[in-house]
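In: coords please:
(3 chains)
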Amino acid sequence: MNRITVPALALCAVAALVAPSGAASKGPAAGKTVHVGVISDVTGGAGVYGTPQKNAYELANDDVKSGKIDAGGANLSFDVQDAASDGAQVVNLMQKFITDGSTAIVLGPTLSGEAKQAFPLAARASFPVMGTSTTAEGVTAIGPTVYRDALAESQVIPTTVRRTHDRWHYKTAAIIFGDDNAFTKTDGDLFARELKAAGVDVVDSETFHQKDTDFQPALTRIESKHPDVIAIGALFPEATKIILQAGKLGIKAKMFGGNGLNSPDMYGVAGPAAQGIVVGAAWYSGAKYPSNVDFVKRYTAKYGKGPDQFAAQSYAAAQVVAYLVAHGATTKDEMTSALKNVRVIQTVLGPIGFDTNRDVKSSPVILSIVKDGFTYFH
Amino acid sequence: MNALATFYAHYSQLVDQIGINALLALSLSVSLQAGQLALAQAAFMGIAAYASAILTVTYRWPMVASIVAAVLLATLVAALLAYPVRRLRGVFLAIATIGFGEIVRVVANNLSITGGAEGMSGLPQDAGTAMVYAALVLVALALFGLSRTKFALAVALVREDEHAARGVGVDVGMVRTFSLALGGAIAGLAGALYAHSSAFITPNDFGFERMEQILVWCVIGGVTSPLGAVVGATFLSVLPELIRFLADYREITNGIILLAVIVFAPGGLASLWRRGAVRIHV
Amino acid sequence: MFAQQLLNGLFLGAVYALFAVGYTLVFGVLDILNLAHAAIFTAAAFAAFSLAAAGLPLPLAFLGAAVAGGILGVVLDRVAFAPLRARNAGTLAPLISSIGFAIIVGALLRGKYGVDEKHFATGGLDTAPAIHLGAVTFTTVELAIFAAAIAMMLGLSWVLRATTLGRRIRAVAEDRVAAALLGVNLERTIAATFFIASALGGAAGILTGLEYNSVTLDMGSPIELKGLAIIVLGGMGSVTGAVIGGFVIGAVETLAIANGLSEWRDAITFGVMFLILVARPNGLFGKRALRQA
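Out: Next up is the predicted model:
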C-alpha cells in the first residue's frame, strides 16, 4: 500500500489546482511517522456500525497519501483493529495502543459501553483518545484526555423535538425505543423528557431489544392510543423495520428520530414508507462543505454505497488528527496539548471545535427524508 | 524479570481477564462434575457484580466486604434456584437455568439501582492482578481439598448413576443443591472481581452470550477436570489477541479452531497432556 | 386491537414453530442440540436473496434456497456431528462443535455479503397489498408465509407418519442400534433427517427475510434462544410440541406487549417457560413423542 499510483498523483494534482487547502504542505512534522490506533467493531453484533468506520479510515489512509487530507507532509497512518464487539478485546487493544510507545492517539471504540470500559485506562495514562460514535452521557467526563467528535444525543434530541413541534404542533406522542442498549435507551429517556417539557402528552412508551425483527405488536398498541407523532429511539437496522411495519399497519402518525436514523438505509431499505420522516443528526450527507462533497462522492465510489454518520464522524476524526499533525503534533503529549488549543477545524461535519468538556462544538442538523435522500427539514 | 514486567505493562488487562474467566469456567465445571448441565453462571456472576458494585459505589462499602456480601448473595440465589429445578435433568435443566439467566438480565435492565441499559460506570477498578489470582488459587485449593473428601465420591456417584447413589444412601438432592450453590459462589466471586476490575458493567455483560462463552471454555478445555476448565478459559481468552494478525480471517479461524479441538481432541485441550482421564458423559 | 394482536401473535408463532420443528427433529433423532440451526436459518435467507437477485422468480428462489439450507445441514452433520457420533461423544461436544460451525458460516456470509442489510427487489411487507378485514390488517405476503409454514409442518408430519423414510427416521429415533440391526442405513437416515430439518429451518429464515424484507447477518440471533426454549417447552423431540410451543411463545410475547409490558417481554417469556418446566420436567409433550408422531 506504500506506492503512490499514477491516478492518485493525478488526483493529487487536480486537488491542488481546485482546492489549495487540500494539497500536501510541508509542516513541522514533515517526514515524521505518526501512528494512530483505531478500535472498531468490524465483526460481531456491532459490525454493521464498525465496518463503515473502518471504511472511512481506509479512505483516510488513501487520502493522506494522495494529499487530499493534509498532514503537513508527515507519514500519517490509521491502524484499524477489530474488537469483534467484545468489551474485553476493546480494553486489550486500548492497553496495547497506550503502551506500544509509537501510537500518538486512539480513535474509537464503536459503542459507548465499550468506551466506558476502555477510556479510564487512557485517562489514567494521560493518553489522548477520541470517540467518534460514543454518544452516551458521561463519556468525556472520564478524563481530561478524552474527547469526542460525535454530537451527543443530549445535543441532538432537544432540537429535534423543538423543531418538529414548531412545525407540526402535535399534542400527543408515543415513544418506541430499544431498552437494552445505552444509545437507544438514552434516546428514549431524552424523548420522554423533551416531549413533556414541550407540553406534549406522551400516551404510550414501548420498548424493543437489539436485533428484534417484529415490531407489529408494539406498533399495534401504539396505534390504539392514536398519537399524533411517534418518536423513534433506534439505530437504523431496527428503525427501518419499525417504519416499514408501521406503514403496513396503516399508521399515519408522523415519525422522527435521532442520530441512529442517519443512514442511507433509511430510504434505501424502508423506501416509500420512510418518506417525510425527520432525523436529528450530527452530519448531513448533502452538506456543501468542500471536503464533504468530495468525501461522499469518493466513499460511494469506493464502497458502492453512500457513507453513513458512523463513517462521516470517523473520517472527520481522521481530518482532526491530520490537522494536529500538520501543526506539529506527532507524539501523544503533543497531541494532548494540541487538542486543548484547537479552535476550528474544517471537516466533513463542517467547522468543528471542542468545548471545555471536550465535547464537539457543532450544531445538530434536522433532516427530512424526501425521495431517495435527506434534505434539510424546514 | 524485565521482559515479564514489559509483558505485564502491555497485557495486564488480559492477565486479569484470564483469572476471572478461569474462575467462571471453574464454577461451571463444579456443576458439570456433578452431572448437572446448569447454565446460570452468567446470571450468578451478574448478580454478584451488581451487588458488589452497588455496595461499593452507592453505599461506600469497602471492597472486600462488598465482595464477600456479593458472593454470599450469589450463593444464596443459587441454592434457592436448586429447589424449583430439582426434578429437571439434562437439556431441560439447561434451558430452565438459561431462562433464569434471561430473567435476571431483564430485571437488571429494568431496575433503576443498576442503571438499566446505561449500566454502571466509573467503577473504582481496585481489584488488581494479585487479588484476582489469590482468589483463583484459593478456589483451586478448596476444590482440590474437596476432591479428597467422601463428598467428592458422592458427587461422582450422582453424576454416574443417580439411582445407584440413592441406593447407597447418598442424599442426591443435597449433593445437587450443594454443587449448584458452590458453582454460584465461585461465579459470584468472579462477578464481584469483574465489577472491581472493570470500569463499567451493563446487563448485557451477563447474558446468554457470556453463558455460551463459559460453556465453550469448559468443553474446549475438557470437562473431565477443573484443570480443563482453567486451560480452556485461558486458551480462549488469549486466542483473539494471539490470532489478531489474521485480520479479516480471525473470525473464521476462531470457528475452525473450536471445531477442530472438539473433533480431534476428544477430552479437550487438557487431555492432550493428561491422557487416561475419566470420560464423563453429561 | 385485540384481534390484530392475536393475528400478530399467530404470524410470529408460525415462523417460530417452523424454525423449531427442524430443531427438535434433530434432537429427537440424535439427542443433540444443534446450535448451528440459526446459522442455517440465516444462510438460507442469503441464498434466497442471491437467487432472487439473479433473476429467479420468488417461489423458485425459495425452493432453491431451502434446498441449499438442507444441503448445508448435511454438511454440518458430516463436519461437526458425524465424527463425534462415531466415538459416542455425549451431548456437550456437539453443542460446541455446532457453535464452531455457526461461527464459520457467519464469517463466510460476512465475507461474501458484507455487513449491510439486504432486501428483495420484489419487496416484502412494504409493497404487498394490505388486506383490511374488520379490525385487522394483514398483507398477502404474511398470509402466504403463514400458509407456507403450516403446509410445511403438515408435510413434515405426513412424511414422518406415512413414508418409508419417516418410518426409518422414527426407528432411528427410537433405538439406533435396533434400527441398524433391522437393516436401516443409519448414516443415510441421519443425513436425510439433517436435510429435512435444515431445509425447514432455512425456509423459516427465508420467510422471515421475505416478511420483513430484510436479510441480515444477525437475523438469526433473536430466534436462536427462543427456538431453544420452544423445543424444550414442547418436550424435546416432539414435532407437535414444537409447533404448539412456537405458537405459545409467539402468543406470550405478543400478549406481553399488548398489555403494555414490552420492557418485561423476555422475562415473561422465559418466566412462563420456567414455570412450565417446573410443573412438567419433560416439557409439554414428554420426550419421545417423535415415535408416535
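In: okay, CA-based contacts and neighbour counts for the rest of this
Out: Noted.
In: phi, psi for B:Ser237 please.
Out: phi -80, psi -40 (degrees, to the nearest 10).
In: grab the nearest non-local neighbour of it.
Out: Spatially, and ignoring its direct neighbours in sequence, B:Ser237 is nearest to B:Ile18 (6.1 Å; CA to CA, 6 or more residues apart in numbering or on different chains).
In: the one you found in helix, strand or coil?
Out: helix (DSSP: H, G, I helix; E, B strand; the rest coil).
In: is it true that it touches B:Thr234?
Out: Yes - the criterion here is CA atoms under 8 Å, and B:Ile18 meets it with B:Thr234 at 5.5 Å.
In: which residue ranges make up each domain of chain A?
Out: Domain assignment for chain A by automatic domain parsing gives A:6-150+A:287-361, A:154-281.
In: is any part of the helix or strand bottoming out on mean pLDDT in chain C close to chain A?
Out: Least confident element among the helices and strands of chain C, by mean pLDDT, DSSP states H and E: strand C:130-133 (a mean of 84). Yes - using CA under 8 Å from any CA of the partner chain, strand C:130-133 reaches chain A at C:Ala130.
In: check which helix or strand A:Pro158 maps to.
Out: Using DSSP states H and E, A:Pro158 sits within helix A:153-168.
In: in that helix, what's buried?
Out: Using 16 or more other CA atoms under 10 Å in any protein chain shown as the test for burial, helix A:153-168 gives A:Glu153, A:Ser154, A:Gln155, A:Val156, A:Ile157, A:Pro158, A:Thr159, A:Thr160, A:Val161, A:Arg163, A:Thr164, A:His165.
In: give me the distance between the last one and chain C.
Out: The reference is to A:His165. To chain C, A:His165 is 26 Å away according to CA to the nearest CA, to the nearest Å.
In: chain A contacts on chain B?
Out: B:9-11, B:13-14, B:17, B:109, B:116-119, B:121-122, B:198-204, B:240-241, B:247, B:251.
In: which non-adjacent residue is nearest B:Ala38?
Out: Per CA to CA, 6+ apart, closest to B:Ala38 is B:Ala94, 5.1 Å.
In: what about the stretch 1-150 of chain C, any weak spots by pLDDT?
Out: Applying pLDDT under 70 to the stretch 1-150 of chain C picks out residues C:123-127.
In: mind listing the helices for the chain?
Out: Went with chain A since none was named. With helices called from DSSP state H, chain A shows them at A:6-18, A:47-66, A:87-99, A:112-124, A:153-168, A:182-197, A:216-224, A:236-248, A:265-270, A:290-303, A:309-326, A:332-340.
In: chain C was what I was after
Out: All helices of chain C, identified by DSSP H, fall at C:2-30, C:37-53, C:58-76, C:82-86, C:92-113, C:140-162, C:164-174, C:176-181, C:186-211, C:221-234, C:239-258, C:265-279.
In: residue of the stretch 51-200 of chain B nearest chain A, please.
Out: Here the residue of the stretch 51-200 of chain B nearest chain A is B:Glu118; by CA to the nearest CA that distance is 4.4 Å.
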